[in-house]
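**Student:** Please work out how this folds:
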Amino acid sequence: MAKMRTVDAAIAILEKEGATEAFGLPGAAINPFYSAMKAHGGIRHTLARHVEGASHMADGYSRAADGNIGICIGTSGPAGTDMITGLYASWADSIPMLCITGQAPVSKLHKEDFQAVDIESIAKPVTKFAMTILEPGQVPGAFQKAFQVMRSGRPGPVLLDLPIDVQMAEIEFDIDAYEPLPVEKPKASRKQLEKALDMLTSAKHPLIVAGGGIINAGASAQLVELAELLNVPVIPTLMGWGAIPDDHDLMAGMVGLQTSHRYGNETFLQSDFVIGIGNRWANRHTGGLDTYTEGRKFVHIDIEPTQIGRVFSPDLGIASDAGAALDGLLELARERQAAKTLPDYSAWVAECLERKGSLHRKTHFDNVPIKPQRVYEEMNKAFGKDTTYVSTIGLSQIAGAQMLHVFGARKWINAGQAGPLGWTAPAALGVVRGKPGENVVALSGDYDFQFMIEELAVGAQFNLPYIHVVVNNSYLGLIRQSQRGFNMDYHVSLGFDNINSPETMGYGVDHIKVVEGLGCKAIRVENPEDMPAAFDKAKALRDEFKVPVVVEVILEKVTNISMGLEINAVNEFEELAETAADAPTAILAKA
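**Tutor:** Alright, predicted model coming up:
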């Protein structure tokens, strides 16, 4: 066997495990690892401007395609603590990501050495596995276990902490003798799935709730096939959005308190049976559980056994990988179709379609300053079915999820559970790395955009082109709206008179100057009629210069977006669509 540094062994393992896309920042305590990357040459590295940004890039890369695992690398001390938000975002949404940190020498860990912090203990609550590797001979096994843990069961991130003396030590290692550990995923039995299908086919108004676990499993095609075979409508969760295309007749709309469709909520309330596959029953989806569960039976299928019954007790719970469960259900459904024992749900589907074609929110407003609803209408017109949207949190994300359209798996990439401000731009750069040559469009409010705006320079340096739509109302819009219940509007305005940019007219930060200063292109839009030309210009600039292009849309400062505390009591603050012209980009035109 060959004798080599532990870091050279680690890089060889990364290549064999198929994880060759890294994002990070070098530093003294991680330089040996970087020297191994340089010597090997097979790991592509993107230099971030902030380690949190690197973690979100790795997260975005992992979300971009089936099988991807992004790597985030940083030095000791604050680099590791900067990764924690990124670890939380990926852990909360079940996304595999490998974080690697440098560390002080083993002998110095208890001496409060410079930038020595117990990152293993800090990271454990937001990882599936975190380890400071104290013995050089443990390095191959720790990496081997890390990949098995990331991929097994409910996916998630891991962190490996490498003291500098451990990195420099030599071990005997033969990459030809290394094999990835088997990935463990539970699989539903035929008997379990027969019970689930019996319950579904005995219902009058059944629904399938499709969660992010279906996308993680790469099983969207099986979901659509099952829905078509049974002729049963599908309600995607926010993390499952795109598992069935929005324009499919069986896509019945999203349900929830915020990121929901009016027709989705109403259809859910008319259902009598729900089978949830790969979902968590998140509170922003369910709202009050009494309302959500009343009058209907539930089957819950999830890869993580302890998720079943966590929010409410289903009538039947099954621990299974979503893909395995869908394959099994398809086999059973085909048998029953051949035996002509499947019920006819065509009348129920027709009811759902009628709601989908009638319960619309109005998007066509001509106001100046621009109303946000009009922005999403114009985005629907400007960006085609091949578009991948990236967003994270705020009124921009909520309204976008109500009014944009998604036509495939991994075409809506969203930090759904953690929702960290600043995630969108670096995550979009990671998505571009994971989807080279594809059409990526990010959506941010001005506050989310400002949080990690420096990462746009990464897109300029490494030619990572995408379009970033920034809806600017110079407000923390979601927090302002939530403060209405406290009768206040307190410390949520971002507006000020910019002495260097009077043309911003009290909206504060001049995003155009900042973006251009970071090496990217930017366009400002103040009139709704100018948006089509602006989006066309943005596409041309993106294609010509191969850099991020920001389209800033100046909004009215105060708009309340539809939301509520119960799925049967969502507050609609704006006019609803009464004619097809009120919502011209709705999936089904209003009759």
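**Student:** Secondary structure class of the nearest residue in space to residue 393 that is not next to it in sequence, three-state.
**Tutor:** The spatial neighbour of residue 393 that comes closest, neighbours along the chain excluded (Cβ to Cβ, 6 or more residues apart in numbering), is residue 419 at 3.5 Å. Where you see a C-beta, it was placed from the backbone N, CA and C, and this is true even at glycine. Taken by DSSP: H, G, I helix; E, B strand; the rest coil, the conformation at residue 419 corresponds to coil.
**Student:** you'd agree residue 419 is up against residue 398?
**Tutor:** No: using Cβ atoms under 8 Å, residue 419 is not in contact with residue 398, being 10.4 Å away.
**Student:** So for those two, which sits in the more crowded spot?
**Tutor:** residue 398 (25 against 19; other Cβ atoms under 10 Å).
**Student:** List the contacts of the helix or strand residue 191 falls within.
**Tutor:** Per DSSP states H and E, residue 191 falls inside helix 190-201. Applying Cβ atoms under 8 Å, 6 or more residues apart in numbering, the contact partners of helix 190-201 are 206, 230, 232, 273, 275, 297, 299, 301, 315-316, 318, 320, 325, 328-329, 332-333, 336, 341-343.
**Student:** Drop anything exposed from those.
**Tutor:** 206, 230, 232, 273, 275, 297, 299, 301, 316, 318, 320, 325, 328-329, 332-333, 336, 342-343 (16 or more other Cβ atoms under 10 Å).
**Student:** Okay, the residue nearest to residue 393 and residue 387: tell me how far apart.
**Tutor:** Per Cβ to Cβ, to the nearest Å, residue 419 is found 21 Å from residue 387.
**Student:** which residues in the stretch 301-450 of the chain form strands?
**Tutor:** 316-319, 388-391, 412-414, 440-445 (DSSP state E, counting those that start in this stretch).
**Student:** what about residue 569, how many neighbours?
**Tutor:** 12.
**Student:** try residue 516
**Tutor:** Count around residue 516 with other Cβ under 10 Å applied: 14.
**Student:** residues in contact with it?
**Tutor:** Going by Cβ under 8 Å, 6+ apart, the list of residues near residue 516 reads residue 522.
**Student:** Helix or strand for it, just tell me which one.
**Tutor:** helix 511-517.
**Student:** Residue 375 contacts residue 471, doesn't it?
**Tutor:** Yes: between residue 375 and residue 471 there is a contact under Cβ under 8 Å: 5.7 Å.
**Student:** any residues in contact with both of those two?
**Tutor:** With Cβ under 8 Å, 6+ apart as the test, residue 375 and residue 471 both reach 553, 555.
**Student:** Which residues does the helix or strand harbouring residue 534 contact?
**Tutor:** Per DSSP H and E, residue 534 falls inside helix 531-545. Helix 531-545 is contacted from outside by 370, 374-375, 378-379, 381-383, 465-467, 521, 523, 525, 547-549, 551, 553, using Cβ under 8 Å, 6+ apart.
**Student:** Apply 10 Å and report the result again.
**Tutor:** Contacts to helix 531-545, defined as Cβ atoms under 10 Å, 6 or more residues apart in numbering, come from residues 370, 374-375, 377-379, 381-383, 439-441, 460, 463, 465-469, 519-525, 527, 530, 547-553.
**Student:** ditto for stretch 305-315
**Tutor:** Residues outside stretch 305-315 that contact it (Cβ under 10 Å, 6+ apart): 94, 153-154, 186, 195-196, 199, 211, 213, 273-276, 278-283, 285-286, 289-290, 292-293, 296-302, 304, 316-320.
**Student:** could you dump the strands of the stretch 301-450 of the chain to CSV with distance to residue 148 and mean pLDDT?
**Tutor:** Supplementary listing: the strands of the stretch 301-450 of the chain in CSV, determined by distance: least, Cβ to Cβ, whole Å; pLDDT from 0 to 100:
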stretch, distance to residue 148, mean pLDDT
strand 316-319, 19, 98
strand 388-391, 29, 98
strand 412-414, 25, 96
strand 440-445, 31, 97
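**Student:** wouldn't residue 472 be in contact with residue 494 here?
**Tutor:** Yes: contact criterion Cβ atoms under 10 Å: residue 472 and residue 494 qualify, at 8.9 Å.
**Student:** of the two, who's got more company?
**Tutor:** Legend: neighbour count by other Cβ under 10 Å for residue 472 and residue 494, higher for residue 472 (28 against 19).
**Student:** Pull up the gap between the more buried one and residue 114, please.
**Tutor:** Distance from residue 472 to residue 114, by Cβ to Cβ: 42 Å.
**Student:** Repeat that for residue 490.
**Tutor:** For residue 490, the distance to residue 114 equals 41 Å [Cβ to Cβ].
**Student:** What is the helix or strand residue 130 falls within packed up against?
**Tutor:** Remark: residue 130 resides in strand 129-132, with elements defined by DSSP H and E. Other elements packing on strand 129-132 under the criterion 3 or more Cβ pairs under 10 Å, 6 or more residues apart in numbering; DSSP states H and E are strand 97-103, helix 119-123, helix 139-151, strand 157-163.
**Student:** buried stuff in the shortest one?
**Tutor:** I take that to be helix 119-123. Using 16+ other Cβ under 10 Å, the residues of helix 119-123 that count as buried are 119, 120, 122, 123.
**Student:** show me what contacts the second one?
**Tutor:** When contacts are counted by Cβ under 10 Å, 6+ apart, residue 120 touches 80, 101, 103, 127, 129, 130, 131, 132, 133, 159, 160, 161.
**Student:** JSON lines please, covering those residues and showing neighbour count, pLDDT and distance to residue 579.
**Tutor:** As requested, the contacts of residue 120 are exported to JSON lines (neighbours: other Cβ atoms under 10 Å; pLDDT from 0 to 100; distance: Cβ to Cβ, whole Å):
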{"residue": "80", "neighbour count": "28", "pLDDT": "96", "distance to residue 579": "56"}
{"residue": "101", "neighbour count": "32", "pLDDT": "98", "distance to residue 579": "57"}
{"residue": "103", "neighbour count": "31", "pLDDT": "96", "distance to residue 579": "63"}
{"residue": "127", "neighbour count": "26", "pLDDT": "98", "distance to residue 579": "52"}
{"residue": "129", "neighbour count": "18", "pLDDT": "98", "distance to residue 579": "55"}
{"residue": "130", "neighbour count": "23", "pLDDT": "98", "distance to residue 579": "56"}
{"residue": "131", "neighbour count": "18", "pLDDT": "98", "distance to residue 579": "61"}
{"residue": "132", "neighbour count": "20", "pLDDT": "98", "distance to residue 579": "63"}
{"residue": "133", "neighbour count": "22", "pLDDT": "97", "distance to residue 579": "64"}
{"residue": "159", "neighbour count": "27", "pLDDT": "98", "distance to residue 579": "54"}
{"residue": "160", "neighbour count": "24", "pLDDT": "98", "distance to residue 579": "58"}
{"residue": "161", "neighbour count": "25", "pLDDT": "98", "distance to residue 579": "60"}
